[in-house]
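[1] Based on what follows, work out the 3D shape:
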Amino acid sequence: MANFGGHAIPGSFFFLYGVWLTVKHILHHYWRMHQPKHRQGMAPFLKKMHYFEGGLQIFAASVGILVEQFVPDGPHAHLISGREWVKLMNWQHSTMYLFFGIAGVTLVASTASKLVPVGVDRLILSMALFVEGFLFYYHVSMRPHLDAHIHTLLLVAVFGGAASTMLEVFKRHNIILELLGAGFFILQGTWFYQIGFVLYPLSGPQWELEQHDNIMFVTMCFCWHLAVAVLLVTSTSFAVWFMLRRLSSNGRDIEIGMRNTSSASNSQKFLLEESEEE
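    As a prediction, the model looks like this:
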């Protein structure tokens with residue numbers, strides 16, 4: 001990760017994953033609101049989304065591990081050479097990717113089998129985020145002040161996401177918690193890009209890593225990123241909700257598994273009344 005591209009790749013993944021979670025949670029929330037209480041199970045379309053999401057996590061984690069291990073200057077699966085450690089930074093990143101891969105496997109398993117306890121997928125995802133934050137906490141020791149500070153701010157998004165995801169284990173289908181977790185993923189994604197721009201600028205002079213004004217600006221900039229994350233979650237949620245409402249108002253059945261239950265009940269009532277008149 002010692003370059004701009006190394007921060008842009010995970011940043012893109014976390015950003016897109018946060019947007020994906022926002023869309024998925026709004027779809028599921030809309031479906032739950034239009035189902036009778038006795039049918040509050042897993043939506044049919046949600047299983048397909050879970051399989052896709054879990055498979056994508058496994059694929060992305062596998063690619064991340066292979067890239068970290070087998071780049072030209074990587075450790076090539078060697079942890080120790082003689083009496084020295086080999087590329088421990090690459091090994092730390094590989095460990096982080098490993099836990100996100102485990103989270104993907106757990107999501108697929110919990111979707112496919114009822115033997116897996118409910119909420120385990122959220123528990124393992126929370127654990128993966130905790131491991132990411134734990135590794136980054138000891139990742140920045142003995143670094144220049146700005147470098148350490150900008151990585152420490154990332155921990156706010158990481159541990160915040162871990163906490164909100166852990167709460168979902170005990171409080172299922174809470175749309176506020178779900179969107180909060182999605183927002184933390186978006187914040188992670190944009191902040192990874194910010195770290196890349198600061199430490200490895202594509203153009204212009206290098207940042208002064210010991211200047212206090214730069215630390216103050218980066219702290220303020222993190223608040224702007226948080227505002228952007230909230231705005232993106234809000235606008236995406238309204239866009240998806242508006243689209244679903246328009247489809248329902250046009251009387252169309254939504255092909256992802258949600259049906260206009262009110263129109264169906266009205267048609268059944270009309271048929272019963274017609275039969276009584278005959």
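
[2] Only C-alpha atoms from now on, for both contacts and neighbour counts.
    Noted.

[3] now the helices: where do they sit in this protein?
    4-33, 44-70, 88-112, 120-137, 145-170, 175-199, 212-249, 261-277 (DSSP state H).

[4] got the angle between the second one and helix 88-112?
    Counting by axes from the mean of the first three to the mean of the last three Cα atoms, to 10 degrees, helix 44-70 points 160 degrees away from the direction of helix 88-112.

[5] Go through helix 44-70 and flag the buried ones.
    Neighbour-count burial for helix 44-70 flags 45-46, 50-51, 53-55, 57-58, 60-62, 64-66, 68-69 (criterion: 16 or more other Cα atoms under 10 Å).

[6] Ok, the fourth one next?
    Of all the residues in helix 120-137, those buried under the rule 16+ other Cα under 10 Å are 120-133, 135-136.

[7] which of the residues you listed lies closest to Met243?
    Nearest to Met243 among the buried residues of helix 120-137 is Arg122, at 27.9 Å by Cα to Cα.

[8] What pLDDT does the model give that closest one?
    pLDDT recorded at Arg122 is 96.

[9] Quick one: residues contacting it.
    Thr165, Met166, Glu168, Val169 (Cα atoms under 8 Å, 6 or more residues apart in numbering).

[10] same check, this time on Val169
    Val118, Gly119, Val120, Arg122, Leu123.

[11] Output stretch 151-164 as PDB - backbone C-alpha positions only.
    Extracted in PDB, the C-alpha atoms of stretch 151-164 (Å, rounded to 0.1, in the frame of the first residue of the first chain):
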ATOM      1  CA  HIS A 151      -4.400   7.000   9.700                       C
ATOM      2  CA  THR A 152      -5.700   7.400  13.200                       C
ATOM      3  CA  LEU A 153      -8.700   9.300  11.900                       C
ATOM      4  CA  LEU A 154      -9.400   6.300   9.700                       C
ATOM      5  CA  LEU A 155      -9.900   4.300  12.900                       C
ATOM      6  CA  VAL A 156     -13.000   6.400  13.700                       C
ATOM      7  CA  ALA A 157     -14.700   5.000  10.600                       C
ATOM      8  CA  VAL A 158     -13.400   1.500  11.100                       C
ATOM      9  CA  PHE A 159     -14.300   1.100  14.800                       C
ATOM     10  CA  GLY A 160     -17.500   3.000  14.300                       C
ATOM     11  CA  GLY A 161     -18.500   0.500  11.600                       C
ATOM     12  CA  ALA A 162     -17.500  -2.400  13.800                       C
ATOM     13  CA  ALA A 163     -19.700  -1.200  16.700                       C
ATOM     14  CA  SER A 164     -22.700  -0.500  14.500                       C
END
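
[12] from the middle of its chain, how far away would it be?
    How far stretch 151-164 lies from its chain's middle: 12 Å, per Cα atoms, centre = their mean, to the nearest Å.

[13] Please apply the same query to stretch 67-80.
    Distance, stretch centre to chain centre, for stretch 67-80: 27 Å (Cα atoms, centre = their mean).

[14] cool, and stretch 160-176?
    On Cα atoms, centre = their mean, the centre of stretch 160-176 falls 13 Å from the chain's centre.

[15] quick check: mean pLDDT across it?
    Mean predicted confidence for stretch 160-176 is 95.

[16] Just give the number of residues close to Gly243.
    Quick fix: residue 243 reads Met, not Gly. Other residues near Met243 come to 12 when the count uses other Cα atoms under 10 Å.

[17] Tell me where the model's unsure across this structure.
    When residues are selected by pLDDT under 70, those of the chain lie in 1-2, 36-42, 251-278.

[18] surely Ala162 meets Phe130?
    Yes. Here Ala162 lies in contact with Phe130, judged by Cα atoms under 8 Å, at a distance of 5.7 Å.

[19] Next up, the contacts around Ala148.
    Contacts of Ala148 (Cα under 8 Å, 6+ apart): Val140, Ser141.

[20] how near is it to Leu154?
    10 Å (Cα to Cα, to the nearest Å).

[21] Can you give me the neighbour number for Ser235?
    Neighbour tally, Ser235, other Cα under 10 Å: 12.
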